[in-house]
Every structure is written in structure tokens, then in C-alpha cells.
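Peer 1: structure for the following, please:
(2 chains)
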Number of protein chains: 2
Amino acid sequence: MPDIHRLDTRDRDFAARLDALLAWESVADGAVIATVNEILEGVRTRKDAALLEYTARFDRLSREHGADLEIPAERLSLALERIPAPQREALRTAAERIRAYAERQRVESWVYTEADGTVLGQQVSPLDRVGLYVPGGKAAYPSSVLMNAIPAKVAEVGELIMVVPTPGGEFNELVLAAAAVAGVDRVFTIGGAQAVAALAYGTETVPAVDKIVGPGNIYVAAAKRQVYGTVGIDMIAGPSEILVVCDGLTDPRWIAADLFSQAEHDEDAQAILLCPDLAYIDQVAEAMDALLTDMPRADIIRTSLRARGALILVRDLDEAVSLANHIAPEHLELSVADPGVLAARIHHAGAMFLGRHTAEALGDYCAGPNHVLPTSRTARFSSPLGVYDFQKRASIIHCSAEGSRSLGRTASVLARGEGLIAHARSAEYRVSDASD
Amino acid sequence: MPDIHRLDTRDRDFAARLDALLAWESVADGAVIATVNEILEGVRTRKDAALLEYTARFDRLSREHGADLEIPAERLSLALERIPAPQREALRTAAERIRAYAERQRVESWVYTEADGTVLGQQVSPLDRVGLYVPGGKAAYPSSVLMNAIPAKVAEVGELIMVVPTPGGEFNELVLAAAAVAGVDRVFTIGGAQAVAALAYGTETVPAVDKIVGPGNIYVAAAKRQVYGTVGIDMIAGPSEILVVCDGLTDPRWIAADLFSQAEHDEDAQAILLCPDLAYIDQVAEAMDALLTDMPRADIIRTSLRARGALILVRDLDEAVSLANHIAPEHLELSVADPGVLAARIHHAGAMFLGRHTAEALGDYCAGPNHVLPTSRTARFSSPLGVYDFQKRASIIHCSAEGSRSLGRTASVLARGEGLIAHARSAEYRVSDASD
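Peer 2: Numbers count the residues shown, from 1 in each chain, chains lettered A, B, ... in the order given. So this is what the prediction gives:
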């Protein structure tokens, strides 16, 4: 049997054990933050010169000029031509579906006119320029390029700048191909905190952006946190999580593979099953054992299951729903006969995968909805990455002379109540003087 | 003439001088952060006991039990009855207008069905519980209660908890009345970092919330930053700003009052005028001189104008528009003949006030749109507080058997390209085994 926590909601210490499993703190210690601050300051003040130094030091990539850090657009197209046809086709299919879903997320401007002629509304604009961080090395995921870039393009962001470290000058062809498919505007071979700094502050070569999105290691995450305010950032992601709710009637091998598909991400990933059927839970455990021998990433899977995985016996599916709302998982699979009924009662989840056929992995690549999702219970207050993250709103207020008179009277009373007399006067001028 | 920066875009050092004026760094120094961390840890571990201690120490408010920190709902109603009728009416008018505008911001759920029966969508839910921080003392603004609370109520947040320090036990009746009008569910007389901690972690008395909104001093801001991730937070606001673009044909006294209405907020506030007419700029300066003598907060106004205010001569309104987009102001007044033409070219602003009659102060109180707006150039990537800040989305994916077969093939190719074999297997099972 795989080494994984086995819990029963009837256990006296169940709540405490579950919360201990769910607990997660990202650990950017003082040393990491000090290093990151030094790098940020270096790039902020010495720009390209610092960027070239750090890139040589951390990525073993020596370049003479800032411009040498850019990958020309032709190189992206070349990557797309070079990869095997099935991969090219899969990238295009995925991109098309992600785009079709994103199109429905666009926020539109609106205005309305009141009886006295006053116009109120909301003007929506895309961000001018966005930076997309893509990790290098083993965690280089082309799907992540599509998921971050396409909503930005659908939002009509003016310019989308991708950064990707190429340690020792080694490219990931699939990542470059994905950038071509997604329509990324410029790509620089930089990474780490120095890439975040370049995007936030700008250098002679890398243009400053308005927002930085995309996953990265602890240095990248700490750098994003530090530059937040100078630029916008997306969420700081924790380890990936899946919660499977199953009635015990899905092929146990399917559920085993679904749990593994999170567990294989990294040692801190979390895979949890909720099921009211103890015999079925045992079948899933057996299926996990059998499947594990086939898994190239078996060591990672074993470690993450041992540390943070759980098979949990629940009283019934009602209890599973309330636990799911407590856990607020990144991915929630409802592998039950009538998933819509359960889904309607879920308040907190990043993405819901309904029915036995909907493997969570489909959502990771090509179902359409974004795979950048809130982790570590943050689905209680945040949402999947979407087109709305690349748009922003400005309020519109256009008072008619009559409107400014009536609003001015109300504003004057409240401003004087707050002791803000300049506010009051500014409103009152329009009450008494309004003539046209 | 008032002591305020006078710039001309034709000056050789104009860009540098403007950027120096715009520069703003919030200064939470090490000592503040250390104090805040100690308070957070105290309340997290010792809950009510620590909360009562800190409240006694910092707010000179000694209470024996946690429950004594709550203001009963009847006390809020009483405040609403007690305040003068014109204030009560003004609060109600403002609340009604804020609500009417907010209603239009609600994000709705949607789904669509593909040809093969696969259903994709987005399920929108309100946050379960939200905390609203309201400053005590001189910066206690009832308008701020309305602006933060009403969008949360329109979003149908389950429970809205307000915290407000009452130093020495002193209440602000208008603030309590505003809480009654806005429909706040519970109110506690706590403040500072200890109130943020209570909301983020929960105590025996104060329930833990999912998001904390509302303005506060440097300790509150630092505490919000620290608990971000455990709970959601709204933006960390910088000093208030107004940028007025005027063609030189508005009554100069109106413009002087509008500039003052930001300058009177605090010493760091920023008020800037852009105008192509030098003679008019001089008239505004004269009007400022005349008006200043009338202002109870003249000292604050003088200080903020001297430090961060500016009257800027521009070549023409086109140049004003491009400067406005660079400045990305919190409040932008377009006090010109045809403001709609200019507004359409503005990409970055928190709120736009169109036309000579639309005093920015109307937006602060009762026009309808929110007065919680992005400051310090963050309008480049963020939006006014709105109903959408109290809702979140969950993606919905429900594949038909046929859908899971075709999506599974694409996912399998991409997963294998990324070396994630458990992902691939989980998708492939549904390709080969799908039977119903």
C-alpha cells in the first residue's frame, strides 16, 4: 500500500489532523530576501550592466550586449516548425480552446444616463505592457506559456514581454513554440530576480512593464512580492493541489492517476481523496501501488503523498461538500453520478472538474479554462487567472449642471460632517454658481 | 502667491522634475514591521487575551471580556437616529446612489455547451466573510464606511465585520450611523495591527474573515501586507491625488477649491493642474491665495502644495492627455469644453470627472462610483474598489465522454512533451476506457 495518510472524519482528532495537512507556509527566509533585494537594487540602478552580470553568474550565459539577450521572433517561428507535427497540432488546439474560453471573460465598458443628464460609467482598458515569467530547466512548461499569454492577448494588452532563463544557453523548443503560438511580442533569455527587476524597472534593453505574471522559484516569488506596487503581480502560487470527491463508482485506476497527476508536480504538492466507501478507498490505494511502478517521477509522487497526501473516509457526500468548502482546493474533481448538484453547493475552489470523464489533467492543457489557479485555500477570496487580470477599470462621472447642484448639496453636508471644508466648498461652488 | 511648484513642459528638466514630484515610497521601516509582527503573533496565538491587552495599551480602552469589544446593532441604529436629519438624509442619499452604481458591477456566472456535449463555464460566488477596517480619530470618515461596505453587501457577502478603534472609548456617531445605513453585520471597537490580526486569524470573539478592506495608518497597512495570503486584502493606498486638466475657461475659484480638496487630506497628498494658458494658471494661483484664508486645514494644504503640488503649463490639451496617462492619477478632472473626447484617450486613471460641473468631491461622497481608487500610478494596472472585489470565480469543466476522448489526446501529447506521465496517463484512461 502506498505511504499516504488515512483519515476518517469520525476520528476525534480529524479536524486537527486535516488542518495540519493543509497548512502551508512559503518560506522566503531572510537570506533569500536579502539576496533578492541586492539583485533588484543592482538592476534598478545599473540596468543592462547588472542584468548581464547576473545572467552570466546565475545562468552561465555570457553575453556582451543587452540586445544579445533577446530571442528574435524568427527563432520562435523556427521552434514551431521544428517540433514534431503532433506537438505543433496539440499546441494549436490547446491555444484555440484557451482563447475561445478567454473571449467570454472580457470585461466591457458601460455608461448610463440619469434623469437629470448626469452620466456614470466604467471605462475598461487593457494594460499597456505585461511581463510573463517562464521558468527554465525542468519546470519549463509550454502549457504555462499558453495559459498566461493568451488571456493577456485576448485583453489586447499592448505588448507582451516574455522572459525565460536559458541556463548554459539551452533552449526549450516547446516553450519557444508555445510563445510563437500564443503571439508573445518579445522574448528575453533572462531569469531569476534579475528578470523580475528588469521587467519592473526597465533597462536599456528590456522595457518596463505594468504587471508581471507567471510562476517561478522562491527567488522569483520573493522578487515579485518586493516589486508589487511598482508593478502589478498575479498571485504568489503555493504548491499544486487536487481534491477528488468520489462516490466509489469511478474506475479506481482513473482516480489513482488523477491523484498522481498532482503528486508528480513536486514534493510539496497535495493530493486528497474524499469518499464514503472504505472498500473503494482500498481499491484506489491498490491501484496507486500498481500505477506507481510505471511512473518516471515515482520518487516525487511517493514523497508528496507521504508528506501531504490523504485518503479520507467521509460519512457521505454532504460531508464531502462541506469539507471541500473548508479545504477550498485549487482543483476539485467531482467524480460522482450527479456532479452538478454538488458543484452548485461548492463556494470555494479554483476549478471544478465535473463527472467521471473530466480528468483534472484536461484542464491543465486544453479544456479551455486557465490552469493558473488559487492555491493554499486562497480560492476563498481569489479567482483563476483570466482576461480580467489584464484589464482595468476607470470610473466615469459626468455631472449635468442640475446633477451637480443636487449632488453638491449632499456632498456638502457629508464633507462638513467630516470636517473637510475644501471638499465642501468645491461642491458648493457648483451648487450656487451653476449656470449652464 | 501660494508656495507650489510651477513647471513648464518646455523646460529642459521637466520630465525629471515631474517624476521627482510623482515619486512616492511608503515607508514601513524595520521598527514598524517588527512591532506589527509581534502584535500579529500575539493575537494569532493568544487571541482575545492579546486583543484586550493591545486595545487597552494602544487605544486606552480597558475591557474585561472579548464580548465587551462588540458594539450592539441597536447602538448603530441609535447613532442613526441621533445625528441631525440633514446628515441622516445625506447618508441615505449617498448610500442609495453608491448601491445603484454597484449593482451594475456584479459579475454573473455563465456556462456554454460545446458540440460534443462538454460544458465549460465560470461559477461566481460572493466571499463568505469580509472585514472592514475603519480608522478612528480625526481620519474617521463615514463616507469610507459606505464606499467599502456597500459593494460587499451588493456582492452578497455572507457577513461583513467592521472594526473601528474608539480611543478612550470615544465614538464617532456619523461612522456608526453610516454602518447602520450600509448594513454592516457586526462592529468591534478595535483598531491597529491587532484588529487586522483578529480579522485574519480569528479570536474567541472576532470571527476570522476571508478578506480585509479599508484604509488605515502605517501599522494597519503593514499588518495587511503581512497577513496577505492568509486572507485577501484590497490595495495598499498611498496618499490621495488629483490631476486637473483645464482649458482655462472654468471659474478659477472652482479649480482652486478642487485642488485644495485633495491637498487638505494630508501633508503627502498631491494636487496638480495642467493647463495651456499661463494667464489662467496665475488666476488659479490667486484664487488659491484668497481661498486659503478660509480653510480650517490651511496648514495641511500649504504643506502638501509646497511638497508635492504643481501648476504645470502645457503646450496644448493633447500634451495634457499624454501627461495624464503618464501620471495615471487617482482622480482626473477634465475641466474642458468637450471632456468626452479627452476621456476616450485616457488609458490610466482611477476615476475621471468630466466637465466643469463635476467637482471631484462629488465622487468622494455621493456620485455613485467608489472613492477607493488606485493611487501612486497603480491605475496602470488596477481598478477602483468594486463589487467584483467581493466576488470570486471558479472554473467549470464538465466533459462528455466524447469530449474527454478528444481532449485527452491533445492533453496526452502535451503532458508527454512536458515529461508529466501521470498527467498523460490520467487523460489517456478516459480516451481508451470511455464507455458511457
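
Peer 1: and stretch A:279-291 with chain B, contact?
Peer 2: Yes - for stretch A:279-291 and chain B, the contact criterion (CB under 8 Å from any CB of the partner chain) is met by A:L291. Heads up, the C-betas are built off the backbone N, CA and C, glycines and all.

Peer 1: ok now that stretch, how far from the chain's centre?
Peer 2: The chain centre lies 32 Å from the centre of stretch A:279-291; the measure is CA atoms, centre = their mean, to the nearest Å.

Peer 1: then it to PDB, C-alphas only?
Peer 2: The C-alpha trace of stretch A:279-291 is given here as PDB (Å, rounded to 0.1, in the frame of the first residue of the first chain):
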ATOM      1  CA  ALA A 279     -13.600  -0.700   0.300                       C
ATOM      2  CA  TYR A 280     -13.300   1.700  -2.700                       C
ATOM      3  CA  ILE A 281     -10.600   3.700  -0.900                       C
ATOM      4  CA  ASP A 282      -8.700   0.400  -0.600                       C
ATOM      5  CA  GLN A 283      -9.100  -0.200  -4.300                       C
ATOM      6  CA  VAL A 284      -7.800   3.200  -5.100                       C
ATOM      7  CA  ALA A 285      -4.800   2.500  -2.800                       C
ATOM      8  CA  GLU A 286      -4.100  -0.700  -4.600                       C
ATOM      9  CA  ALA A 287      -4.400   1.000  -8.000                       C
ATOM     10  CA  MET A 288      -1.900   3.600  -6.800                       C
ATOM     11  CA  ASP A 289       0.500   0.800  -5.900                       C
ATOM     12  CA  ALA A 290       0.200  -0.700  -9.300                       C
ATOM     13  CA  LEU A 291       0.500   2.500 -11.200                       C
END
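
Peer 1: how far away is the residue in the stretch 101-250 of chain A that chain B sits nearest to from B:M235?
Peer 2: Per CB to the nearest CB, A:G232 is where the stretch 101-250 of chain A lies closest to chain B, at 3.4 Å. Remark: distance between A:G232 and B:M235 (CB to CB, to the nearest Å) = 10 Å.

Peer 1: between the two, what contacts are shared?
Peer 2: Common contacts of A:G232 and B:M235 (CB atoms under 8 Å, 6 or more residues apart in numbering or on different chains): B:378, B:382.

Peer 1: for the residue of the stretch 101-250 of chain A closest to chain B, give me its contacts.
Peer 2: Neighbours of A:G232 in contact, by CB under 8 Å, 6+ apart: A:127, A:210-212, B:378, B:380-382.

Peer 1: domain map for chain A?
Peer 2: Under the assignment automatic domain parsing, the domains of chain A span A:5-26+A:238-367, A:30-233, A:399-435.

Peer 1: could you work out the end-to-end span of the second one for me?
Peer 2: Same thing as domain A:30-233. Counting by CA to CA, to the nearest Å, you get 21 Å between the two ends of domain A:30-233.

Peer 1: do the same with stretch A:353-373
Peer 2: End to end - CA to CA - stretch A:353-373 spans 13 Å.

Peer 1: assign the residue nearest the centre of chain A to helix, strand or coil.
Peer 2: Centroid-nearest residue in chain A, with CA atoms, centre = their mean: A:V372, separated by 3.3 Å. Following DSSP: H, G, I helix; E, B strand; the rest coil, A:V372 is assigned to coil.

Peer 1: which residues touch it?
Peer 2: A:V372 sits next to A:144, A:147-148, A:213, A:215, A:234-235, A:237, A:384-385 when contact means CB under 8 Å, 6+ apart.

Peer 1: quick one: low-confidence residue ranges for the stretch 301-436 of chain A.
Peer 2: Applying pLDDT under 70 to the stretch 301-436 of chain A picks out residues A:433-436.

Peer 1: that one: strands as residue ranges?
Peer 2: In the stretch 301-436 of chain A, the segments counted as strands under DSSP state E, counting those that start in this stretch are A:310-313, A:331-335, A:351-354, A:391-398.

Peer 1: out of those, which one sits most buried?
Peer 2: Using mean count of other CB atoms under 10 Å in any protein chain shown, the stretch among the strands of the stretch 301-436 of chain A with the largest mean neighbour count is strand A:331-335, at a mean of 29.

Peer 1: quick check: angle from that one to strand B:391-398?
Peer 2: Angle of strand A:331-335 versus strand B:391-398, following axes from the mean of the first three to the mean of the last three CA atoms, to 10 degrees, is 40 degrees.

Peer 1: what about the residue of the stretch 101-250 of chain A closest to chain B, distance to B:Q391?
Peer 2: For A:G232, the distance to B:Q391 - CB to CB - is 19 Å.

Peer 1: how about A:V220?
Peer 2: Distance check for A:V220 against B:Q391: by CB to CB, it reads 29 Å.

Peer 1: returning to that earlier point: tabulate the strands of the stretch 301-436 of chain A (JSON lines), appending distance to A:M288.
Peer 2: JSON lines is the format used below for the strands of the stretch 301-436 of chain A (distance: least, CB to CB, whole Å):
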{"stretch": "strand A:310-313", "distance to A:M288": "9"}
{"stretch": "strand A:331-335", "distance to A:M288": "15"}
{"stretch": "strand A:351-354", "distance to A:M288": "19"}
{"stretch": "strand A:391-398", "distance to A:M288": "43"}
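
Peer 1: need those in a markdown table (columns: distance to chain B).
Peer 2: What follows is the strands of the stretch 301-436 of chain A, written out as a markdown table (distance: least, CB to the nearest CB, whole Å):
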| stretch | distance to chain B |
| --- | --- |
| strand A:310-313 | 17 |
| strand A:331-335 | 8 |
| strand A:351-354 | 4 |
| strand A:391-398 | 4 |
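
Peer 1: and the contacts of the helix or strand encompassing A:A223?
Peer 2: Assessed by DSSP states H and E, A:A223 sits inside helix A:218-227. Where contact means CB under 8 Å, 6+ apart, the residues beyond helix A:218-227 that reach it are A:26-28, A:32-33, A:35-37, A:39-40, A:133, A:135, A:191-193, A:195-197, A:200-201, A:212, A:216, A:233, A:236-237.

Peer 1: of those residues, keep whichever come out buried.
Peer 2: A:28, A:32-33, A:36, A:39-40, A:133, A:135, A:191-193, A:195-197, A:200-201, A:212, A:216, A:233, A:236-237 (16 or more other CB atoms under 10 Å in any protein chain shown).
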